[in-house]
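*Asks:* fold the following for me, if possible:
(chains A and B)
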Amino acid sequence: MKYLILIQSNPRSLEVWERMTDQQRMDFGRDHLKLNAEMEEAGVLVAAEGLADPSLARWVSVRGGETIASDGPYAEVKEHLAGFYLVDCPTVDEAIAWAAKVPDAANTEVEVRPVLDMSGWEF
Amino acid sequence: MGVLTGLEDLLRTAAPQVLAAVTRRYGDFDASEEAVQEALLAAAQQWPADGVPDNPRSWLITVASRRRIELLRSDAARRKRELLPPDPLPDVRGDDELTLLVLCCHPALTPVSQVALTLRAVGGLTTAEIARALLVPEPTVGQRISRAKQRIRDSGARFALPGPDELGARLTGVRQVLYLIFNEGHTASSGSRLHRVELTREAIRLARQLHAARPDDGETAGLLALMLLTDARRPARTRPDGGLVPLAEQDRALWDRTAIAEGIEIITKALSSTRIGPFQLQAAIAAIHGEATRPELTDWPQIKDLYALLHALAPSPMVALNRIVAVAMVDGPKVALAALDRAEPALAEHYRVAAVRAHLLEMAGEPEAAREQYRIAARRTLSLPEQRYLESRAARLSN
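*Replies:* Residues are numbered from 1 along each chain as shown, chains lettered A, B, ... in the order given. I've put the predicted structure just below:
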């Protein structure tokens, strides 16, 4: 079973970040790398990435066969996806245990979402 | 992967025999497994061009042994090598596959590790093939395998069959791992289906080996029969677009009659000669479905009795729910709905409760309530094809 662990950036997480010392920020980043390695070693990691600032996002739509890429909806968004871990483990409890090791969970919270799979039982 | 070619078949059959022979001679399951994997890869590359050697198994044993000695050399375990007897070719023995299966399903391992190690060491699949089938990256599978081997080393387990007392319990574990592999493949309905179906075939092949090694073991016979009877319905259980077809609506002309006949023969023999167990009961139920050429010919009273027995022997949410479905077919949906209400506290979180209730309400002629339950079930499932199926059932009731 795959689970996506989502890390959101929002005013609360920014506030924590602002208060951190340089050293704390370094440790925070290193803890992410350590978690990455630990997941890899345990054989549960499928993918993990941190995302660039949302100001660099491009919004893509297709109308009448034409692709339009734009910079915005410009409305100020208070919360955006900052990164994720995709893990493959048998139970949601294990996924929760991994989520608890994400450094952000100690500051704000992270979200665990089951991923739909292509299995299907006979009804 | 798709269709198993003659060469793949040859390599996979030889893999556990070669690994057993090399492990017996050099000890150290971990390094031997690595060496055999390299020999298999070498064969897969060389044989299509150079032709298959006269004795493929000897070729593989020789190449793996050479590789194994190189590993020892680099290992600073040179002295150990010098103590080895001079070079007779490692032999192959009757119980090798069984010994390997039991080792790879060692209780000290997690189920995911057991699955990965069994597929590679006994099934002869490459790490890349396993990764494609399990839908995870290759390094993740590699890591699971090396952790599994580490655990085996730490547990002090050796390459030898446990005594008769322990073997029974270990075989229970082996059957669970094989069934897990089967279900990984069987429940796949589309997408990367080809690779997943490979898992089903591999599980059946390994169950056949186990059944051949222990023909008098009733639960092993039951497992093999259950796999054959379930897999026989595969061509009918999904539409070309990946949509699920419920049992009652399947085109039974698409069922694999040969597999059904074989499954029925195996389970009939087991039921008449050995002690009954959960796999045998599930196989017996699958056999009754398999015998019905039309849904209305299904012997539901017998299925209901078998589920009652299974419920007593090995209770689980799925068994409880299937039993209630059988009750509906025999005693009508009203009785089944009452039974579901009584059973629900114990099933609380199970997502299929809503799906079963929806079907029962539909049978009872309550489309509004059924639609609501289908929608709840669609929101709770973790499977995309099930979500689509449940949504379409709900939509059908709206019209």
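*Asks:* touching chain B at all, the lengthiest helix in chain A?
*Replies:* Longest helix of chain A, by residue count under DSSP state H: helix A:22-42. Yes. Contact of helix A:22-42 with chain B is found when judged by C-beta under 8 Å from any C-beta of the partner chain, involving A:40-42. Backbone N, C-alpha and C define where each C-beta goes, glycine included.
*Asks:* can you tell me which of those residues are buried?
*Replies:* Neighbour counting by 16 or more other C-beta atoms under 10 Å in any protein chain shown classes A:Ala42 among the residues of helix A:22-42 next to chain B as buried.
*Asks:* how close does the residue nearest in space to the middle of chain A sit to chain B?
*Replies:* Nearest residue to the geometric centre of chain A (C-alpha atoms, centre = their mean): A:Phe84, 2.1 Å. For A:Phe84, the distance to chain B equals 15 Å [C-beta to the nearest C-beta, to the nearest Å].
*Asks:* isn't that residue right next to A:Glu49, touching?
*Replies:* Yes. Counting by C-beta atoms under 8 Å, A:Glu49 is a contact partner of A:Phe84 at 6.4 Å.
*Asks:* how many neighbouring residues does whichever residue of the stretch 251-399 of chain B sits closest to chain A have?
*Replies:* With C-beta to the nearest C-beta, the shortest gap between the stretch 251-399 of chain B and chain A falls at B:Pro385, namely 3.8 Å. By the measure other C-beta atoms under 10 Å in any protein chain shown, the count of residues near B:Pro385 is 25.
*Asks:* also B:Trp300?
*Replies:* B:Trp300 has 17 nearby residues by other C-beta under 10 Å.
*Asks:* how near is it to B:Gly6?
*Replies:* 44 Å (C-beta to C-beta, to the nearest Å).
*Asks:* distance-wise, check B:Pro56 relative to B:Gln17.
*Replies:* B:Pro56 is 10 Å from B:Gln17, by C-beta to C-beta.
*Asks:* please identify which of the two sits among more neighbours.
*Replies:* Shown here are B:Pro56 and B:Gln17; by other C-beta under 10 Å, B:Gln17 has more neighbours (21 against 17).
*Asks:* surely that one and B:Gly94 touch.
*Replies:* No. Using C-beta under 8 Å, B:Gln17 makes no contact with B:Gly94, being 10.2 Å away.
*Asks:* rewinding a little: excluding its backbone neighbours, what's nearest the residue of the stretch 251-399 of chain B closest to chain A?
*Replies:* A:Gly120 (3.8 Å; C-beta to C-beta, 6 or more residues apart in numbering or on different chains).
*Asks:* ok, B:Ala286 next?
*Replies:* B:Leu229 (3.7 Å).
*Asks:* please apply the same query to B:Tyr389.
*Replies:* Spatially, and ignoring its direct neighbours in sequence, B:Tyr389 is nearest to B:Leu244 (4.5 Å; C-beta to C-beta, 6+ apart).
*Asks:* list the contacts for that neighbour?
*Replies:* By C-beta atoms under 8 Å, 6 or more residues apart in numbering or on different chains, the residues touching B:Leu244 are A:120, A:122-123, B:189, B:237-238, B:385-386, B:388-389.
*Asks:* tell me who's in contact with B:Leu171.
*Replies:* Contacts of B:Leu171 (C-beta under 8 Å, 6+ apart): B:102, B:210, B:214, B:217, B:219-220.
*Asks:* re earlier: where does the residue of the stretch 251-399 of chain B closest to chain A fall, secondary structure wise?
*Replies:* Secondary structure from DSSP states H and E places B:Pro385 in helix B:384-398.
*Asks:* dump the C-alpha coordinates for that helix into CSV.
*Replies:* Output in CSV follows, covering the C-alpha atoms of helix B:384-398 (Å, rounded to 0.1, in the frame of the first residue of the first chain):
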residue,chain,number,x,y,z
LEU,B,384,-9.6,3.1,-8.3
PRO,B,385,-11.5,0.3,-10.2
GLU,B,386,-13.7,-0.4,-7.1
GLN,B,387,-14.4,3.4,-6.8
ARG,B,388,-15.5,3.5,-10.5
TYR,B,389,-17.6,0.3,-10.1
LEU,B,390,-19.4,1.6,-6.9
GLU,B,391,-20.0,5.0,-8.5
SER,B,392,-21.5,3.4,-11.6
ARG,B,393,-23.8,1.3,-9.4
ALA,B,394,-24.9,4.4,-7.7
ALA,B,395,-25.5,6.2,-11.0
ARG,B,396,-27.5,3.3,-12.3
LEU,B,397,-29.9,3.6,-9.5
SER,B,398,-30.4,7.3,-10.2
